[in-house]
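In: any chance you can model this:
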Amino acid sequence: MFQSYTVVPVFVLAILFNFIYVFSDDDNLSSTNSTSPNSINFTSCNECLQSKCHKEWGGPCIPINDTTPNSQNSSIFQCLMCEEDDEGNAMYYNKEYCESLCHNKAHGCHCNGQCFTCFEVSVPNLTSSDSCNLPTQMFDDKCTLTNYHMVGL
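Out: Residues are numbered from 1 along each chain as shown. This next block holds a predicted model:
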């Protein structure tokens, strides 16, 4: 008899969590299909341009081609966010802006995925997980592809 009283609240709680998950703001969730830990994937350019990532946080919308076997080369629209790496270091959209903030001789800038980050020149080797995957194109406010040109943000 005690179990029947606990089934109903657990069932109601499970339904509530499903509603919260379904109706949550997708801008706060990174897609697992993402090529960068600091990006959000969208199914259309307009959806990306209307996102919080682009409108409020200034992230550019860039094209990503999905090369999974069943995708038939469908396009993914990604909002890129250069904020912080896994170690809490600031990240920047372009090398020039990074260098302007890390301009002394003890620091340099290197590419880390789709962003740039400062590092101490005295560090002998950067980790092998640091790789360059800079975007070459981005979408303007009319969803037209243009050359990637982020100014300092």
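In: for this protein, what spans make up the strands?
Out: 39-42, 61-65, 75-80, 91-92, 107-112, 115-120, 137-139, 145-147 (DSSP state E).
In: distance of F42 from C111?
Out: 24 Å (C-beta to C-beta, to the nearest Å). Heads up, the C-betas are built off the backbone N, CA and C, glycines and all.
In: quick one, which of these two is more surrounded?
Out: F42 (23 against 16; other C-beta atoms under 10 Å).
In: how near is H149 to F119?
Out: H149 sits 24 Å away from F119, going by C-beta to C-beta.
In: which one of the two has more residues nearby?
Out: Taking other C-beta under 10 Å, H149 and F119 do not tie; F119 has more neighbours (18 against 10).
In: CSV for the strands of the chain, including distance to S100 and mean pLDDT?
Out: Shown next, in CSV, are the strands of the chain (distance: least, C-beta to C-beta, whole Å; pLDDT from 0 to 100):
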stretch, distance to S100, mean pLDDT
strand 39-42, 24, 91
strand 61-65, 23, 88
strand 75-80, 20, 90
strand 91-92, 9, 90
strand 107-112, 10, 84
strand 115-120, 11, 86
strand 137-139, 21, 93
strand 145-147, 21, 93
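In: S51: which of these is closest?
Out: When the strands of the chain are compared by C-beta to C-beta, strand 75-80 sits nearest S51, at 5.6 Å.
In: so where is this protein shaky, pLDDT-wise?
Out: Within the chain, the set of residues satisfying pLDDT under 70 comprises 1-37, 66-74, 105, 122-130, 151-153.
In: recalculate using a threshold of 90.
Out: Residues of the chain meeting the criterion pLDDT under 90: 1-39, 57, 64-76, 83-90, 94-114, 117-134, 149-153.
In: so where do the helices sit in it?
Out: 2-22, 45-49, 52-55, 95-101 (DSSP state H).
In: export the third one as CSV, just CAs?
Out: Right, helix 52-55. Provided in CSV are the C-alpha atoms of helix 52-55 (Å, rounded to 0.1, in the frame of the first residue of the first chain):
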residue,chain,number,x,y,z
LYS,A,52,20.7,34.6,-28.0
CYS,A,53,24.2,33.4,-29.0
HIS,A,54,24.3,35.7,-32.0
LYS,A,55,22.0,38.6,-31.0
